[in-house]
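Novice: just a sequence and a predicted model for now, questions to come.
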There are 2 protein chains.
Amino acid sequence: MTATLNSVAAAAGVSTSTASRALSGHPSVLPSTRARVEAAASALSYQPNRMASALRTRRTGLVGLVVTNLRTATFHTIAETLQDWAARHRYQVLVSTTNGCPEREAAFLETARAHHFDGVVVAGSGANGELVNALVRDGRAVVTMNREVPGSLAPSVRADYEQAARLATEHLVGLGHTCIATIGGPPDVTSGRLHHAGFRAAMADAGLPVVDHLVHRGPFTPEFGRAAARSLLDLPQPPTALLLSNHEAAFGALPVLGTGSRHVPDQLSVVCTEDEPFYSWWNPPLTAVDNRAELQAQRAAAMLLAQLTGEGGDHPGRRSELVQPVLRERGTTAPPR
Amino acid sequence: MTATLNSVAAAAGVSTSTASRALSGHPSVLPSTRARVEAAASALSYQPNRMASALRTRRTGLVGLVVTNLRTATFHTIAETLQDWAARHRYQVLVSTTNGCPEREAAFLETARAHHFDGVVVAGSGANGELVNALVRDGRAVVTMNREVPGSLAPSVRADYEQAARLATEHLVGLGHTCIATIGGPPDVTSGRLHHAGFRAAMADAGLPVVDHLVHRGPFTPEFGRAAARSLLDLPQPPTALLLSNHEAAFGALPVLGTGSRHVPDQLSVVCTEDEPFYSWWNPPLTAVDNRAELQAQRAAAMLLAQLTGEGGDHPGRRSELVQPVLRERGTTAPPR
């Protein structure tokens, strides 16, 4: 006997419409309810693709995703999570990388418009608000991620960067560090600005000064991270702790730290925001704040699906979700000696 | 004054058609000639997008790329290199990941067909030869990468896996190792089969036996790599050297090696095939054989462009290119003690 949505709902003890919303990832459903419905669906071998008939008539089945690059775990986790979601819902997610170039992003958004993509997820430059809104007005499902897109009408989801830096800094302060350096992104980019705000706030809460020459803010490149790490280690009085606020800064700084001029963590504690699988394999394993890219992508998928199925209304309006980061304490942080 | 193709050709001392082929990445042009033409084009600020007029009338400007995942450097380097190439040639490369699932790959190839993609690069499961050939017969530009696709009519490019494993093994033998273990992919996949063949050949050339219990062949998962590494380190007489033949095996084995039960490289030399940027940052930096994913992607782009511009003829026929790997000697290999 083939399981129906009704039988799944009955087994889970919820209404059919709640079961439908739970399986489509709708944000109004409590996580505990969703887990119950998913368990029932699994036990009954319910085929989620039956939901396809409930979806608004599709034009192409294509969903576009723009990311800056595919090198960092945040971006490829977002891409893979969305593609796994799409495979379950019979969409094709087509990914484009832009190297952070707003013109390349614009060209992709124009392609998505011209080829009648049903939806677009923009985890990109933060520019192109007008094109994003043109897609919204066309009735396409649109979600922005990662950076704020000024003027955008689309719902958005991103990590709580401020909280990520705050968690990392509080962890260092809690170990007893007072001389804390940071290497972060530029002030004109959402994550760069907010990471720095979180760092400052945590330092202020602890009554600690933010020392100018221990703060390096610059482009998202390993070169910048490398140069900043070198100059910090070369100081007559180097910091006892270092917060690396983005992947690229870490990619540049790690080889410098690996040279062993200061022992990690005995002479220098290191914590990164934005986790990477290989951070666990570093020697010693790197303490990091996980920005939970997979959860971000799942929330974006839910927002997308709400628009694709019309449950969010044709004009979902501006809605922002922040995903809360989590500290992963590993081997590179210790009390100062 | 705007530079023309003629002025670039004159400055480089080649014919206009050679200059055109050089700038379009045609494989018939010598690397030294290509470098000269590119230098002239750069000096004269020649705009390569003028070549667009020479391209066969495009239908959509879309090129599809199928990859198994975006986690490993090989795949995301291929994706980023093709997207950079596409940006220069006014194509959009749309990437799909399949998790190695032939059905998901087939769905993407059907999408590419239905939406009239101009070209497709398949770095995927190795299945779907019929769909690949359907695209070829439709007149689409098609290139396969990474795995052999049985029965495919499309040209292909991949790393010389056999040579990669041979280089790695010869490096270990050259250091004086005789007790060499290997963790590699399954025998029914191109790279798994050929890596193993290269290992065996190099061992045979050195007059060394391949010892059964030092050979682990299995799925491309970190779990398999981890279990295999553990069982090798637990042997009463552990090997003095280890060849990790793919990214996933390395991702699983590295944390085990990082626990320090055998000192690397004093007690155990380690070499990986398939390089990763973070291998240079490991402690000590990992010796690896670089499969030159960027060069593979550039060759695939050239094959694609030859078909898109009609220079390769409408039926380019079966042509295979092997890209030669290079040993990157770093800190994890040393003579046995």
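Specialist: Done, it's in.
Novice: quick one: low-confidence residue ranges for chain A.
Specialist: A:1-2, A:24-28, A:45, A:47-58, A:311-318 (pLDDT under 70).
Novice: and for the spatially most central residue of chain A, nearest residue in space, chain neighbours not counted?
Specialist: Nearest to the mean C-alpha position of chain A, counting by C-alpha atoms, centre = their mean, stands residue A:293 at 3.9 Å. The shortest distance from residue A:293 to any non-neighbouring residue, by C-beta to C-beta, 6 or more residues apart in numbering or on different chains, is to residue A:77 (3.9 Å). No exception for glycine: its C-beta is placed from N, CA and C like everyone else's.
Novice: now do residue A:60
Specialist: residue A:116 (5.1 Å).
Novice: I'd like to check the angle between the helix or strand encompassing the residue nearest to residue A:293 and helix B:73-88, please.
Specialist: For residue A:77, the host element (DSSP states H and E) is helix A:73-88. Angle between the axes of helix A:73-88 and helix B:73-88 is 90 degrees (criterion: axes from the mean of the first three to the mean of the last three C-alpha atoms, to 10 degrees).
Novice: which residues sit against helix A:73-88?
Specialist: Contact partners of helix A:73-88, identified using C-beta atoms under 8 Å, 6 or more residues apart in numbering or on different chains, comprise A:25, A:48-49, A:63, A:65, A:67-70, A:92-93, A:95, A:121, A:123, A:145-146, A:247, A:274-277, A:291, A:293-294, A:296-298, A:300-301, B:69-71, B:76, B:95-97, B:99, B:101, B:104, B:107.
Novice: among those residues, name the buried ones.
Specialist: Among the contacts of helix A:73-88, the ones that count as buried by 16 or more other C-beta atoms under 10 Å in any protein chain shown are A:25, A:63, A:65, A:67-70, A:92-93, A:95, A:121, A:123, A:145-146, A:247, A:274-276, A:291, A:293-294, A:296-298, A:300-301, B:69-71, B:76, B:95-97, B:101, B:104, B:107.
Novice: can you report phi and psi for residue A:37?
Specialist: With angles defined as degrees, to the nearest 10, residue A:37 sits at phi -60, psi -40.
Novice: please apply the same query to residue A:328.
Specialist: phi -110, psi 100.
Novice: residues near it, how many?
Specialist: Around residue A:328 sit 16 other residues, with neighbours defined as other C-beta atoms under 10 Å in any protein chain shown.
Novice: likewise for residue A:159?
Specialist: Applying other C-beta under 10 Å, I find that residue A:159 has 27 neighbouring residues.
Novice: spit out the contact partners of it.
Specialist: Contacts of residue A:159 (C-beta under 8 Å, 6+ apart): A:191, A:291, A:292, A:293, A:296, A:322, A:323, A:325.
Novice: quick check: angle from the helix or strand harbouring residue A:120 to helix A:73-88?
Specialist: Using DSSP H and E, residue A:120 sits in strand A:119-123. Here strand A:119-123 runs at an angle of 170 degrees relative to helix A:73-88 (the same axes, to 10 degrees).
Novice: what's the following helix or strand after strand A:119-123?
Specialist: helix A:129-137.
Novice: so what secondary structure elements neighbour that following helix?
Specialist: helix A:102-114, strand A:119-123, strand A:141-145 (3 or more C-beta pairs under 8 Å, 6 or more residues apart in numbering or on different chains; DSSP states H and E).
Novice: chain B is nearest to which of those?
Specialist: helix A:102-114 (4.9 Å; C-beta to the nearest C-beta).
Novice: the stretch 101-250 of chain A against chain B: which residues are in contact?
Specialist: Listed as neighbours of chain B in the stretch 101-250 of chain A under the rule C-beta under 8 Å from any C-beta of the partner chain: A:101, A:104, A:107, A:108, A:111, A:115.
Novice: try 6 Å
Specialist: A:104, A:111 (C-beta under 6 Å from any C-beta of the partner chain).
Novice: in the stretch 101-250 of chain A, which spans are helices?
Specialist: A:102-114, A:129-137, A:161-175, A:190-205, A:222-233, A:247-258 (DSSP state H, counting those that start in this stretch).
Novice: go through the first one and flag the buried ones.
Specialist: Of the residues in helix A:102-114, those buried under the neighbour-count criterion (16+ other C-beta under 10 Å) are A:104, A:105, A:106, A:107, A:108, A:109, A:111, A:112, A:113.
Novice: how about residues contacting that helix?
Specialist: A:64, A:66, A:96, A:98, A:120, A:124, A:125, A:127, A:128, A:131, B:87, B:92 (C-beta atoms under 6 Å, 6 or more residues apart in numbering or on different chains).
Novice: in CSV: those, plus distance to residue B:42.
Specialist: As requested, the contacts of helix A:102-114 are exported to CSV (distance: C-beta to C-beta, whole Å):
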residue, distance to residue B:42
A:64, 32
A:66, 29
A:96, 26
A:98, 23
A:120, 35
A:124, 28
A:125, 26
A:127, 27
A:128, 29
A:131, 31
B:87, 17
B:92, 25
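Novice: before we move on, the earlier item: with distance to residue A:183 added, can I get the helices of the stretch 101-250 of chain A in a markdown table?
Specialist: Formatted as a markdown table, the helices of the stretch 101-250 of chain A follow (distance: least, C-beta to C-beta, whole Å):
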| stretch | distance to residue A:183 |
| --- | --- |
| helix A:102-114 | 25 |
| helix A:129-137 | 29 |
| helix A:161-175 | 12 |
| helix A:190-205 | 10 |
| helix A:222-233 | 4 |
| helix A:247-258 | 4 |
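Novice: show me the one of those that comes nearest residue B:229.
Specialist: Of all the helices of the stretch 101-250 of chain A, helix A:247-258 sits nearest to residue B:229, with 21.7 Å by C-beta to C-beta.
Novice: having no further points to raise, I will conclude here.
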